[in-house]
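Chemist: Attaching a predicted model along with its sequence, questions to come.
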Amino acid sequence: MEMEGVKIDLAQLRRYASSLGVELNEIQERVREMAEDPNLNILSPIQIGSLIFEKLKLDPKVKPKTGVRYSYPTDEETLSALAERHPIINEILEYRGVKKLLSTYIEPLPAYISPVTGRIHTTFNQALTATGRLSSSKPNLQNIPIRTERGKEIRKAFVPSRPDGVIVSADYSQIELRILAHVANEEAMIAAFRSGEDIHTMTAARVFGLEPSAVTPELRKRAKAVNFGILYGMGEYSLSEDLGISRAEAKRYIESYLAGFPSISAYLDGIKEQARRDGYVTTMFGRKRRIAELASSNKNLQHFGERVAMNSPIQGSSADIIKIAMINVSRKLKESGLDARLILQVHDELLIEARRKDADKAAEILQTEMENAVALSVPLVAEVSVGENWFDNK
């Protein structure tokens, strides 16, 4: 994948950068008008702090640090908490978001294009992350934003390197929850995955004591947060922050979840106990992660170690599975004689560049090898798509 590289449509990238530049100017004008300050520098923490806490007095309780004028907090968390008090806050956050897209993700990319191949050749680090996942650097192609519409738009610039080419991609569906169901041998979750039932709806029904048909989109959203919160060892405080609910309510959600899925509760307790005893945890394939924090006298470090112990076998097994899939996909593509090759791995997603005439067969190989990389008690599902660029692959 490093040698193959990824083709970037520079013209598309520049068009998008230009349109974001126009957006920045429009947002800046709105902010300056609301602030009644034609020279306001939105990126200056000093000026923004002065505007919000002195001029607009959005939170009179916040005081500057002793002896340092204007040293008000202007981080995203602080501003988000004030968003309902004045429309200028959302505009400031919007401006920062667009600016970050430009400076972090869009403007640096052209400098990485090889003058020899015309492609970007990232470096994949195979032994850098604690979980065992591949990471990408110079540039990091795994952090191209996906959560916002503006961020997704960048993917339009990731294109095939030939006119008759397409991008074929496949993404594992809920692989970590499937691994959790397997390693914990949680029968209810295994049955849901085998039948194709929506796992978050099923979870909501159990946590909230409802029939699946009575689960609302909001309750499903909360159940989804609990599902993934359990995976990452999230406590009641973090869950309450995520969902905007009280800690008492978040605690009830977690307790109800663990009561509703007793095998998962037993698995998590067991893995923490084993990690404390052995000093490490392992993935399904025997790869170890040592957790020194569990032996610390510092309670915070111990709690961190427990979260790592609960999550590492799941995340680590997921990392192992996609590596197995990559090896198998690469081998099968070579054996098939198709003009298709792997070009990128992003978390649970693999990308292939293929000639249009070979796209369907390449997609079939990609899906088959990903879904059969390992045999679990639940099916692995890889969702495949073909597009003219990375953005079109959904």
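Modeler: Yep, that arrived. Residues are numbered from 1 along each chain as shown.
Chemist: doesn't Glu236 make contact with Ser246?
Modeler: No - using C-beta atoms under 8 Å, Ser246 makes no contact with Glu236, being 9.2 Å away. Placement of C-beta: from N, CA and C, glycine included.
Chemist: Among those two, which residue is more densely surrounded?
Modeler: Glu236 (19 against 11; other C-beta atoms under 10 Å).
Chemist: Please name the residues that touch the more buried one.
Modeler: Arg247, Ala250, Lys251, Ile254 (C-beta atoms under 8 Å, 6 or more residues apart in numbering).
Chemist: And the helices in the stretch 51-200 of the chain, which stretches?
Modeler: Per DSSP state H, counting those that start in this stretch, the stretch 51-200 of the chain has helices spanning 76-81, 87-100, 149-153, 175-184, 187-195, 199-208. These are given in chain order.
Chemist: The fourth one - contacts with which helices or strands?
Modeler: Helix 175-184 makes packing contacts with helix 187-195, helix 217-231, helix 262-278, helix 299-336 when contacts are defined by 3 or more C-beta pairs under 8 Å, 6 or more residues apart in numbering; DSSP states H and E.
Chemist: Which stretch among these approaches Lys7 most closely?
Modeler: Closest to Lys7 of the helices and strands packed on helix 175-184, according to C-beta to C-beta: helix 299-336, at 18.0 Å.
Chemist: Counting neighbours, which bits of that closest one end up buried?
Modeler: Buried residues in helix 299-336, counted by 16 or more other C-beta atoms under 10 Å: 304-326, 328-330, 332-333.
Chemist: cool, and stretch 285-298?
Modeler: Buried-residue list, stretch 285-298, by 16+ other C-beta under 10 Å: Arg287, Arg289, Ile291, Glu293, Leu294.
Chemist: Ok, stretch 384-394 next?
Modeler: Those would be Val384, Val386, Gly387, Asn389, Trp390, Phe391, Asn393, for stretch 384-394 by 16+ other C-beta under 10 Å.
Chemist: now do stretch 205-220
Modeler: The neighbour-count criterion (16+ other C-beta under 10 Å) identifies Ala205, Arg206, Val207, Phe208, Val215, Leu219, Arg220 as the buried residues of stretch 205-220.
Chemist: start to end distance for that stretch?
Modeler: In stretch 205-220, first residue to last residue: 9 Å (C-alpha to C-alpha, to the nearest Å).
Chemist: what residues does that stretch touch?
Modeler: 188, 197-198, 200-202, 204, 222-223, 226, 253, 256-257, 260-261.
Chemist: ok, back up a step: of all the helices of the stretch 51-200 of the chain, which lies closest to Glu241?
Modeler: So among those, helix 76-81 is nearest, using C-beta to C-beta, at 9.7 Å.
Chemist: ok, and for that closest one, which residues are buried?
Modeler: So, applying 16+ other C-beta under 10 Å, buried residues of helix 76-81: Thr78, Leu79.
Chemist: returning to that earlier point: how about a markdown table for the helices of the stretch 51-200 of the chain, with distance to Lys65 added?
Modeler: Listed next are these as a markdown table, based on distance: least, C-beta to C-beta, whole Å:
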| stretch | distance to Lys65 |
| --- | --- |
| helix 76-81 | 14 |
| helix 87-100 | 21 |
| helix 149-153 | 34 |
| helix 175-184 | 41 |
| helix 187-195 | 49 |
| helix 199-208 | 43 |
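Chemist: Done for today, thanks.
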